[in-house]
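Asks: Pasting the sequence and the predicted coordinates here, then a few questions.
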Amino acid sequence: MTQLAAKQSPRDQKIEEQVKEMAARVIERESNKTALITVNRVELFEKGRRATIYITVMPETGEESALNFLKRKRADMRDEIKKFLKIRTIPFLDVEIDLGEKASRRIDELLKQ
């Protein structure tokens with residue numbers, strides 16, 4: 001977690017967790033299952049106006065198509081959030097590959113060799 005995340009309110013942390021669960025639900029429902037897409041974490045920015053969803057994709061060759069798929073599904077994810085979360089501001093969603101998790105996996109691979 002970043003230092004900013006450590007200073008977040010419990011409310012923001014709860015919203016991040018709920019957005020993570022809803023994003024995962026949409027991915028599970030809409031994905032064609034050619035790649036395993038995992039939602040690792042969500043970070044809120046600008047007082048909850050923006051949220052970045054960090055994902056990992058297996059196999060890594062499917063990252064680009066998974067990102068394109070999820071960027072197309074952002075409206076569906078926002079609709080899911082509107083439907084189930086009672087919050088005033090629905091964040092604009094962005095999706096990125098979780099580079100920290102990717103680096104961690106690479107280190108694990110190197111250590112096994």
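Replies: Yep, that arrived.

Asks: Is E28 within a helix or a strand, and which one?
Replies: Secondary-structure element containing E28, defined by DSSP states H and E: helix 10-30.

Asks: For that helix, name the packing helices and strands.
Replies: If you count contacts as 3 or more CB pairs under 8 Å, 6 or more residues apart in numbering; DSSP states H and E, helix 10-30 packs onto strand 36-45, strand 50-58, helix 74-84. Just so you know, the C-beta spots here come from the backbone N, C-alpha and C atoms, and that holds for glycine as well.

Asks: Check what contacts that helix and list those residues.
Replies: Contact partners of helix 10-30, identified using CB atoms under 8 Å, 6 or more residues apart in numbering, comprise 5, 8, 37-39, 41-44, 48, 51, 53, 69-70, 73, 76-77, 80-81, 84-85, 87, 91, 93.

Asks: same question for stretch 13-28, mean pLDDT?
Replies: Stretch 13-28 shows a mean pLDDT of 94.
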